[in-house]
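>>> what shape does this take:
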Amino acid sequence: MSRPTSWLSTPAHARWLEAEGDRLLDFSRSSRHPAGGFAWLDTTGRPALERPVELWISCRMTHVFSLGHLMGRPGCGPLADHGVAALTGRFRDAAHGGWYAAVDADGPTGREKSAYPHAFVVLAAASATCAGRPGAAELLDEALEVLLTHFWDDEHGMVVEEWDETFSTLDPYRGVNANMHTVEAFLAAADATGDRSLLDRALRVVTRVVHDLGPAHDWRLPEHFDEQWTPLLDYNVDTPAHPFRPYGATIGHWLEWARLALHLRAALGSDAPDWMLDDAVALFDASVREGWAVDGADGFVYTVDWQGAPVVRERMHWVAAEATATAAALHAATGDPSYAAWYATWWDHLADVFIDHELGSWRHELDARNRPSGVVWNGKPDTYHAYQATLFPRLPLAPTLPAALRDGLLD
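Take a look at the predicted model:
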């Protein structure tokens, strides 16, 4: 009897992914914050109710629970509604528009408006719209209007980073991380609304970052820029382990950009530029060459310098999750069995050191010897990367996860 060529073609592996996804959803349910939104979870799954409630976490969990509802998991729809209510309520600035990055019992903890969480508002609203949740479509319309009116820089084909509360003063810093998640948001919103112009904007971002910056920097994508989009290669050199703006190049983002390029390529179809697959392959190869097991132990280092040497050696769960997703995407795009082999290698790694069968979810950060660490991240804030990793291998490259589940495309 012939054997399947890879886990990616094995129904039994798909069942394992589904079971792992359900385990992650069960862990996630305790994140529901009684005052609205979703709380940061500690290593045991206890909600840290003393912490401010973060917009990006609330959006990610609204997205996850929308996917759970689309998977037919009872109780996930009301949790998605809980997230939508927070986005139309306690996080929303009714006077000036947009959303505050964090709130506590007294209101917003800061007044700035940042592109990174606003991209996740769009993603959450798009997923909830695909899930048919009440008020989600109206939220998506508003979120897109804010993102395109205030953050989209049409001259450069990118989003700017941060405004003050009234959208009158713009910070000079520009960042690629917010743009990466804006591409993700545009893809999901295009599927939820049918507005294909969002794909054109996504292509402009991917072209600048992947096709222009990638080859120009040996695929070590710069993360930080000034207002003219000139790379700031020494940015945060004295705080290299910053959770959102680390010094150097971030290995996990190379994998995410590669995967997003493949999703966009599939969405564009015959209109996709020829370079998209080759550039995705180049980013993947660079992430393996400079990120995987480069310092004596399995795992992806967090960041490297501009010569490719490791800077922060901690291993992040989200990088390994993205590695499996990108390997699956490249296998779907090319049929090359080497990607299926990497896919299995990284799930073995996740099972060995990241998946926490005792306390639940995945350990979010390990040290260079794959022991639990908290240099960059403490606790288990959300299950966004992990849960998506259980779905990407089972769905086509296009449409996006919520639309694919809505359309009944799950194998």
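>>> just the helices in this structure please.
Remark: helices assigned in the chain by DSSP state H are 11-28, 55-70, 76-88, 115-130, 136-146, 176-193, 197-206, 214-216, 251-268, 275-291, 317-334, 337-349, 384-389, 401-406.
>>> give me the packing partners of the shortest one, helices and strands only.
Contacts defined by 3 or more Cβ pairs under 8 Å, 6 or more residues apart in numbering; DSSP states H and E place helix 214-216 against helix 275-291. Backbone N, C-alpha and C define where each C-beta goes, glycine included.
>>> which other residues reach the helix it packs on?
Contact partners of helix 275-291, identified using Cβ atoms under 8 Å, 6 or more residues apart in numbering, comprise 206, 210-211, 214-215, 218-221, 251-252, 254-255, 257-259, 261-262, 264-265, 300-301, 304, 308, 319, 323, 326-327, 329-330, 333-334, 342.
>>> how about the helices of the chain in CSV, adding distance to residue 228, mean pLDDT and mean neighbour count?
Listed next are those as CSV, based on distance: least, Cβ to Cβ, whole Å; pLDDT from 0 to 100; neighbours: other Cβ atoms under 10 Å:
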stretch, distance to residue 228, mean pLDDT, mean neighbour count
helix 11-28, 41, 98, 17
helix 55-70, 27, 98, 28
helix 76-88, 33, 98, 22
helix 115-130, 17, 99, 28
helix 136-146, 24, 98, 20
helix 176-193, 15, 98, 25
helix 197-206, 17, 98, 21
helix 214-216, 16, 98, 16
helix 251-268, 22, 98, 25
helix 275-291, 24, 98, 20
helix 317-334, 30, 98, 24
helix 337-349, 38, 98, 18
helix 384-389, 32, 98, 24
helix 401-406, 35, 98, 23
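>>> can you lay out those helices as JSON lines showing distance to residue 235?
Below are the helices of the chain laid out as JSON lines (distance: least, Cβ to Cβ, whole Å):
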{"stretch": "helix 11-28", "distance to residue 235": "33"}
{"stretch": "helix 55-70", "distance to residue 235": "21"}
{"stretch": "helix 76-88", "distance to residue 235": "31"}
{"stretch": "helix 115-130", "distance to residue 235": "16"}
{"stretch": "helix 136-146", "distance to residue 235": "27"}
{"stretch": "helix 176-193", "distance to residue 235": "11"}
{"stretch": "helix 197-206", "distance to residue 235": "20"}
{"stretch": "helix 214-216", "distance to residue 235": "17"}
{"stretch": "helix 251-268", "distance to residue 235": "15"}
{"stretch": "helix 275-291", "distance to residue 235": "19"}
{"stretch": "helix 317-334", "distance to residue 235": "20"}
{"stretch": "helix 337-349", "distance to residue 235": "29"}
{"stretch": "helix 384-389", "distance to residue 235": "24"}
{"stretch": "helix 401-406", "distance to residue 235": "32"}
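>>> what's the closest of these to residue 95?
Closest to residue 95 of the helices of the chain is helix 136-146 (Cβ to Cβ; 13.3 Å).
>>> hang on, the earlier thing: so which of the helices of the chain gets nearest residue 366?
Across the helices of the chain, closest to residue 366 is helix 317-334 (Cβ to Cβ), at 8.1 Å.
>>> quick check, distance from the closest one to the centre of its chain.
Taking Cα atoms, centre = their mean, to the nearest Å, one finds the center of helix 317-334 at 13 Å from the center of the full chain.
>>> stretch 35-47 too?
With Cα atoms, centre = their mean, you get 19 Å for stretch 35-47.
>>> for stretch 392-404, same thing?
Centre to centre, stretch against its chain (Cα atoms, centre = their mean), the figure for stretch 392-404 is 14 Å.
>>> repeat for stretch 134-153
Worked out by Cα atoms, centre = their mean, stretch 134-153 lies 19 Å from the chain centre.
>>> likewise stretch 17-30?
Mean-position distance between stretch 17-30 and its chain equals 18 Å (Cα atoms, centre = their mean).
>>> cool, and stretch 77-88?
The answer for stretch 77-88 is 20 Å, by Cα atoms, centre = their mean.
>>> repeat that for stretch 63-83.
For stretch 63-83, the distance to the chain centre is 18 Å (Cα atoms, centre = their mean).
>>> go on, stretch 204-216?
For stretch 204-216, the distance to the chain centre is 19 Å (Cα atoms, centre = their mean).
>>> cool, and stretch 319-336?
That offset, for stretch 319-336, works out to 15 Å (Cα atoms, centre = their mean).
>>> residues contacting residue 364?
Counted by Cβ under 8 Å, 6+ apart, residue 364 has contacts 316, 317, 318, 377, 379, 380, 381.
>>> what's near enough to touch the first one?
Same thing as residue 316. Neighbours of residue 316 in contact, by Cβ under 8 Å, 6+ apart: 252, 300, 302, 364, 365, 376, 377.
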